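[1] Test case, fold it:
(one chain, ligands or ions: 1)
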Amino acid sequence: MRTLLLILDGLADDRVPALGGRTPLEAAPTPRLNRLAGAGVTGRFAPIPSGMRAGSEVGVPSCLGIAPDPHVGRAALEALGRGLDVPPAATVVRATAVHLTGPFGAPGTVVRAVADGSATHAAVAALGAAPEEGMRLFAAPDGRHLCVLDGPPGPETAPPHDLVGLPLALGGAPVRPGLWADFARRLPGDLALWPWGGSKSGAPRAMSAASPFGAVVTAVDVVRGLARRAGIETPEVSGATGGPDTDLAAKARAALNALDRHAHVAVHVEAADMAAHALDPAAKAAFLARVDRDLIGALAEGPGPGLADVRLIVTGDHGTSSVTGRHLDGPVPFVAGPLAALKAGPGRPWHEAAVAHSPILDGAAWRGLLDGAAVPCRVSRC
Ligand SMILES: [Zn+2]
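    Residues are numbered from 1 along each chain as shown. Presented below is the predicted three-dimensional model:
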């Protein structure tokens with residue numbers, strides 16, 4: 001039996017008034033996912049271990065069947081995914097553009113919003129063009145800027161999406177505060193850069209446990225870095241952007257190709273998380289509907305007899321609330337069933353409320369599911 005895992009970033013959500021009290025997954029038309037649920041098993045999975053911060057750097061390893069490493073910062077994984085050379089003694093942090101209500105570092109300055117990455121790229125790139133001693137800034141068109149600093153990491157700071165509407169000071173004390181205050185003075189308008197996701201113990205260490213996955217299809221640096229660190233192939237896919245415009249059918253085809261070489265293949269899709277951060281539940285629902293139509297539809301149309309042994313599992317690496325824009329650390333829904341079930345057959349609903357009474361799989365039970373063990377009878381439909 002081969003396994004194809006679809007990781008929908010930020011899948012789970014709160015009930016949203018604008019969607020009639022439904023979650024985006026509940027509001028999205030997903031007939032293929034419903035057919036998979038009708039033919040397979042559904043339940044809940046806890047990708048964020050207790051005490052860890054909800055994010056892809058934690059949830060994606062869990063989905064891939066390996067324990068997240070609390071000592072590895074998100075930015076170090078993104079640097080690895082982007083192929084940046086970070087010296088072992090240096091620190092790498094994410095530098096996210098935010099809109100502030102006052103000067104960086106002043107008491108009472110509140111984070112008004114996370115800035116649009118593409119709109120602020122040129123301004124951030126201009127900062128990086130004039131590097132300071134002991135600092136290199138790598139601007140990215142999608143807004144996922146990285147900054148490499150000489151010296152050890154500073155204290156952990158909060159992700160910017162957790163600070164929207166709150167005083168910046170609640171985010172913690174950033175490493176080299178004068179540098180970020182200087183950036184804010186040089187950026188136009190109310191823009192500033194907020195450092196976060198830094199390494200906690202230098203460069204990523206080698207993985208201690210092996211994932212069963214042989215390939216991960218993704219266009220997002222943090223997932224690419226996680227996969228590379230675990231020795232997992234990351235095929236390049238033309239048209240895969242990591243954004244809402246990504247070519248979902250191309251990602252499906254790349255995953256089916258990888259199943260020729262590996263018994264476990266994963267596909268990671270990002271944009272549902274981005275829509276929730278933007279407080280746009282309708283866009284999140286629309287994207288999930290497009291995943292069902294374009295990505296899962298392409299899987300359903302794949303070469304039939306050659307895929308008879310393939311099982312499809314769909315879940316999320318964490319939830320993201322379209323109400324608050326923040327990550328959620330609770331359980332996420334999952335569905336597992338034969339790929340062949342996507343084409344026809346009776347369906348049943350698959351969303352947060354439909355699995356709300358299912359027991360929750362922890363990391364060990366999830367690994368058992370990935371390894372092909374019978375799904376424990378404590379999940380629904382047993
Ligand atoms: Zn997110």
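
[2] partners of the longest strand that the chain contains, with directions?
    Secondary structure assigned by DSSP state E gives strand 90-100 as the longest strand of the chain. The pairing partners recorded for strand 90-100 under DSSP bridges are strand 111-114 (antiparallel), strand 146-150 (antiparallel), strand 191-196 (antiparallel).

[3] which residue ranges form the helices in this structure?
    Remark: helices assigned in the chain by DSSP state H are 24-27, 31-39, 56-63, 74-82, 117-128, 177-186, 221-229, 248-258, 271-277, 281-290, 296-300, 363-370.

[4] can you put those in CSV and add mean neighbour count?
    Using the backbone N, CA and C atoms, a C-beta is placed for each residue, glycine as well. As requested, the helices of the chain are exported to CSV (neighbours: other Cβ atoms under 10 Å):
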stretch, mean neighbour count
helix 24-27, 26
helix 31-39, 23
helix 56-63, 26
helix 74-82, 25
helix 117-128, 17
helix 177-186, 16
helix 221-229, 25
helix 248-258, 21
helix 271-277, 25
helix 281-290, 22
helix 296-300, 21
helix 363-370, 18
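
[5] okay, those helices in CSV with mean pLDDT and distance to residue 150 next?
    Below are these laid out as CSV (pLDDT from 0 to 100; distance: least, Cβ to Cβ, whole Å):
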stretch, mean pLDDT, distance to residue 150
helix 24-27, 98, 43
helix 31-39, 96, 48
helix 56-63, 95, 23
helix 74-82, 91, 15
helix 117-128, 90, 16
helix 177-186, 94, 11
helix 221-229, 93, 21
helix 248-258, 96, 38
helix 271-277, 96, 31
helix 281-290, 98, 40
helix 296-300, 93, 46
helix 363-370, 93, 36
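
[6] Tabulate those helices (a markdown table), appending distance to residue 333.
    What follows is the helices of the chain, written out as a markdown table (distance: least, Cβ to Cβ, whole Å):
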| stretch | distance to residue 333 |
| --- | --- |
| helix 24-27 | 7 |
| helix 31-39 | 9 |
| helix 56-63 | 13 |
| helix 74-82 | 24 |
| helix 117-128 | 29 |
| helix 177-186 | 39 |
| helix 221-229 | 20 |
| helix 248-258 | 20 |
| helix 271-277 | 13 |
| helix 281-290 | 12 |
| helix 296-300 | 15 |
| helix 363-370 | 13 |
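
[7] Break the protein down into its domains, please.
    Here the domain parsing of the chain from automatic domain parsing is 2-69+207-370, 79-196.

[8] The shortest one: how far from the chain's middle?
    Centroid displacement of domain 79-196 relative to its chain, using Cα atoms, centre = their mean, to the nearest Å, is 20 Å.

[9] Kindly check the end-to-end length of it for me.
    Using Cα to Cα, to the nearest Å, the end-to-end distance of domain 79-196 comes out at 13 Å.
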